[in-house]
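[1] my questions concern the predicted model and sequence given below.
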Amino acid sequence: MKSLLLLLSFLALFGTGFAQETDLPLASFEKPVADYFTNGTLFSGENIRVSNVFPNPVSTQAAIDYTLTDPQAEASIVIHNLLGNKVAETPLEKGSTNVRIPTDMLDNGIYFYSLYVNGKRVATKKMLVKK
C-alpha cells in the first residue's frame with residue numbers, strides 16, 4: 001500500500017511521461033498517405049529512380065534496379081554496417097540498368113544501404129544478409 005501511494009505521489013508530481021493532448025495542428029496531406037510511397041521503390045526523383053534491394057534477406061548478391069537520366073548527376077549506393085562504418089560503395093552509371101552487389105565480403109547481419117546523389121544522402125533502407 002505504501003508503494004502504491006509513493007507511485008501515485010510521483011505521478012502527480014512528474015506526470016506519466018506519455019504524450020499529452022496539445023493544440024498543435026496535425027499534418028495534412030493532399031492525398032492518402034499511402035499514395036506518397038511506391039511499393040518497391042527506394043527513391044524516385046526527377047532524374048533518378050532506384051528500387052529496393054532484392055532479395056531481402058540477401059544470401060549471395062543484392063540486386064538494385066535504377067534509372068539515372070541526368071548526365072550531370074553523380075549517384076552511388078553505399079552500404080554501412082550497424083556501427084556506421086562504410087563496408088562497400090558502388091557508383092551508379094548513367095542510363096537505365098541494374099547493379100549487383102556481392103555479399104561474400106559481408107558477415108551475416110543487418111546493414112543499411114543509402115542512395116547518394118551529388119554527394120548528398122537522399123534515402124536509406126535496411127538490408128539483411130543471411131547466408
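    Perfect, I can see it now. The structure displayed is predicted, hence computed values, not measured ones. Numbering: from 1, shown residues only.
[2] quick one: the helices in this protein?
    With helices called from DSSP state H, the chain shows them at 2-14.
[3] point out where it drops to low pLDDT.
    In the predicted model of the chain, residues 1-44, 46 satisfy pLDDT under 70.
[4] how about 50 then?
    4-8, 10-11, 13-39 (pLDDT under 50).
[5] now the strands: where do they sit in it?
    41-44, 48-51, 61-68, 75-80, 86-92, 95-102, 109-117, 120-129 (DSSP state E).
[6] can I get these in CSV including mean neighbour count?
    Where C-beta positions appear, they are placed from N, C-alpha and C, glycine not excepted. As requested, the strands of the chain are exported to CSV (neighbours: other C-beta atoms under 10 Å):
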stretch, mean neighbour count
strand 41-44, 16
strand 48-51, 19
strand 61-68, 18
strand 75-80, 19
strand 86-92, 15
strand 95-102, 13
strand 109-117, 18
strand 120-129, 14
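[7] list the contacts of stretch 52-62.
    With contact meaning C-beta atoms under 8 Å, 6 or more residues apart in numbering, stretch 52-62 is reached by 40-42, 63-64, 100-104, 113, 125, 127-131.
[8] so who does residue 67 touch?
    With C-beta under 8 Å, 6+ apart, residue 67 has these contacts: 48-49, 95-96.
[9] repeat that for residue 103.
    Here residue 103 is in contact with 58-62, 129, 131 (C-beta under 8 Å, 6+ apart).
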